[in-house]
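A.B. asks: Could you look at this predicted model? Sequence included:
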Amino acid sequence: MNRGRQLLVALLVLGGLIGATLLVWRDPFEKTPGKDFSGVLPARSEGTIDRIAVTNKEGSITAEKRGDTWWITEPKELPADSGQLKAAAATLEKIAVVDAVSKKPERQEEYGLAKGSPERMEVKAFAAGTAVVDLAAGKRSPDGQGTFILLAKDPNTVYVTSETVPFLFGRTVKEWRSKTILDLRRESIDRIQMTNSKGVLDLVKETGDQWQKKDDPSWHADNARLGQVLDTFTRLPWVDVVDEPDPSTDYGFNAPQAKAAATAESKGYVLVFGKDVEGPTGNCWLKLDGDPKAYQVRKAILDRFTRDFDYYRGEAVQPDAQGPKKEN
């Protein structure tokens, strides 16, 4: 076979594959470019969605907006990651249908929409008690820009959306949760106490943002280094969490590696760093006094509280050798 005939055969095979791919993605009945799908989904205004309910292969999750904060309400009440939920709600408020690809129920499995398909997610969104989104979402469209969906009001037609349905909806409740243990305002913290095998370092804030050792005005903190400690109390995230720790499990809280306490607006907060988590996780166990949960946090956070205390000491403030100048 000469080179020209080989090229012709290759092109024919390629054309056949492309044709088969397009046939899988779109049924022959739908050949109407420019068709208007703007009325398929009801109108939704920005910032109006206040409740989202999702069922995926992991189970069912419901979250609702209270003021500016999102909360998980099902399977149990938990603080939600408000940033993620706000973004997901915003997507549902602007998502649109841009095409229809099939009216054949037997083909829904191809799009991840058949009952039992691992990709299938059932999504409902509400605004002031009214359902404004009610659909099942499946696989992403071939161009990666949208998602194949079925509408509850039209369960036989597979549509394509203008953008992807949020990946969050396919994840477990853990991924919906707020990962914040503490989020104190930095300017509200006025005392820090660190306890480790080397002793206790007790620091109080002077005027402005200057810190000194309690009962030792000559010991001033290095603000940049102490800032790492303050950051722990202003944005402390967990990596994993045990909501109901087994009392028989030793997390190391009775013989902690370190303790860290902060006082803010006359209220105390105490962190207890327990044992390292077994395995190559790079985490240790932590508890917040008054909170029954056991958290895993990065060991880099623990390291801030096991250092030699001189690490946080700044340069000594040198008095003026000549003393104060006298006025004439």
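C.D. replies: Nice, thanks for sending it over. For clarity, every value in this text was computed on a predicted model and none was experimentally measured. Residues are numbered from 1 along each chain as shown.
A.B. asks: Output the below-cut-off pLDDT ranges for the stretch 201-328 of the chain.
C.D. replies: 316-328 (pLDDT under 70).
A.B. asks: What are the boundaries of the helices in it?
C.D. replies: Secondary structure of the stretch 201-328 of the chain, counting by DSSP state H, counting those that start in this stretch: helices at 223-234, 299-306.
A.B. asks: Please point out which parts of the shortest one sit buried.
C.D. replies: Along helix 299-306, the positions that meet the burial threshold by neighbour count (16 or more other C-beta atoms under 10 Å) are K299, I301, L302, R304, F305. Placement of C-beta: from N, CA and C, glycine included.
A.B. asks: with those residues in mind, which one is nearest to Q210?
C.D. replies: Of all the buried residues of helix 299-306, R304 has the smallest distance to Q210: 19.6 Å, by C-beta to C-beta.
A.B. asks: T232 is in contact with that closest one, correct?
C.D. replies: Yes. Counting by C-beta atoms under 8 Å, R304 sits close enough to T232 to count as a contact (6.2 Å).
A.B. asks: Would you mind putting the helices of the stretch 201-328 of the chain into a markdown table with distance to D134 alongside?
C.D. replies: Formatted as a markdown table, these follow (distance: least, C-beta to C-beta, whole Å):
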| stretch | distance to D134 |
| --- | --- |
| helix 223-234 | 40 |
| helix 299-306 | 43 |
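A.B. asks: closest to A114 out of those helices?
C.D. replies: Of all the helices of the stretch 201-328 of the chain, helix 299-306 sits nearest to A114, with 45.0 Å by C-beta to C-beta.
A.B. asks: In stretch 107-122, which residues are buried?
C.D. replies: Result for stretch 107-122 [16+ other C-beta under 10 Å]: buried residues Q108, E110, Y111, G112, L113, A114, S117, E119, R120, M121, E122.
A.B. asks: now, which of those lie within strands?
C.D. replies: Assigned to strands by DSSP state E, the following of those qualify: M121, E122.
A.B. asks: one step back: out of the buried residues of helix 299-306, which is nearest to K76?
C.D. replies: Distance to K76 across the buried residues of helix 299-306 (C-beta to C-beta) is lowest for I301, with 27.2 Å.
A.B. asks: The closest one and D231: what is the separation?
C.D. replies: 9 Å (C-beta to C-beta, to the nearest Å).
A.B. asks: Distance to K205 and pLDDT added to the buried residues of stretch 107-122, as CSV?
C.D. replies: CSV is the format used below for the buried residues of stretch 107-122 (distance: C-beta to C-beta, whole Å; pLDDT from 0 to 100):
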residue, distance to K205, pLDDT
Q108, 62, 95
E110, 63, 94
Y111, 59, 96
G112, 56, 96
L113, 58, 96
A114, 61, 95
S117, 57, 94
E119, 53, 95
R120, 54, 96
M121, 49, 96
E122, 52, 97
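A.B. asks: which residues of the stretch 151-300 of the chain fall in strands?
C.D. replies: 154-161, 180-182, 189-196, 199-205, 211-213, 216-220, 236-237, 240-242, 258-264, 267-276, 283-288, 294-298 (DSSP state E, counting those that start in this stretch).
A.B. asks: And for the fifth one, what's in contact with it?
C.D. replies: Taking contacts as C-beta atoms under 8 Å, 6 or more residues apart in numbering, the residues outside strand 211-213 that touch it are I192, L201, D202, L203, V204, K205, E206, W219, H220, A221, N223, L226.
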